[in-house]
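Student: Have a look; sequence and predicted model below, questions after that.
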Amino acid sequence: MTEHQWKELSKYFLDNGNRKLSTEDKERIKLAIDQANNLNELLQVAFASLTIDAYR
């Protein structure tokens with residue numbers, strides 16, 4: 001898969017998952033996904049976003 005495909009898949013899961021995130025939180029995470037320069041940074045965004053949901 002290309003980096004672009006990984007980003008789109010990540011945003012799809014963010015929108016369609018069962019996580020308790022506000023619309024604003026989701027938009028911020030999507031922005032971070034778009035700004036990721038490589039898959040390592042994309043994984044860091046994913047792990048960081050999990051902590052947001054964990055404390056709700």
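Tutor: Looks like it arrived, so ask away.
Student: can we go C-alpha only for contacts and neighbour counts from here?
Tutor: Fine.
Student: Low-confidence stretches in this structure?
Tutor: 56 (pLDDT under 70).
Student: most residues in a single helix of the chain, which one?
Tutor: helix 39-54 (DSSP state H).
Student: Now that helix: buried residues?
Tutor: L42, V45, A46, S49 (16 or more other CA atoms under 10 Å).
Student: next one: stretch 7-25
Tutor: Result for stretch 7-25 [16+ other CA under 10 Å]: buried residues K7, S10, K11, L14, L21.
Student: In TSV, list these along with distance to A32.
Tutor: Converted to TSV, the buried residues of stretch 7-25 look like this (distance: CA to CA, whole Å):
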residue	distance to A32
K7	10
S10	11
K11	10
L14	12
L21	15
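Student: Return the closest of those with respect to N37.
Tutor: K7 (10.5 Å; CA to CA).
Student: ok so, going back, what is the nearest of the buried residues of stretch 7-25 to K30?
Tutor: Nearest to K30 among the buried residues of stretch 7-25, with distances taken as CA to CA, is K11, at 6.2 Å.
Student: Touching, the closest one and K30? I think so.
Tutor: Yes: with contacts counted by CA atoms under 8 Å, K11 reaches K30, the gap being 6.2 Å.
Student: name the helices or strands packed onto the helix or strand containing K26?
Tutor: Assigned by DSSP states H and E, K26 belongs to helix 23-35. Helix 23-35 sits against helix 3-16, helix 39-54, with contacts defined as 3 or more CA pairs under 8 Å, 6 or more residues apart in numbering; DSSP states H and E.
Student: and S22, backbone torsions?
Tutor: Backbone torsions of S22, given as degrees, to the nearest 10, read phi -70, psi 160.
Student: Can you give me the separation between it and E3?
Tutor: Look at S22 and E3: by CA to CA, to the nearest Å, they are 26 Å apart.
Student: Count the residues that sit near I29.
Tutor: 19 (other CA atoms under 10 Å).
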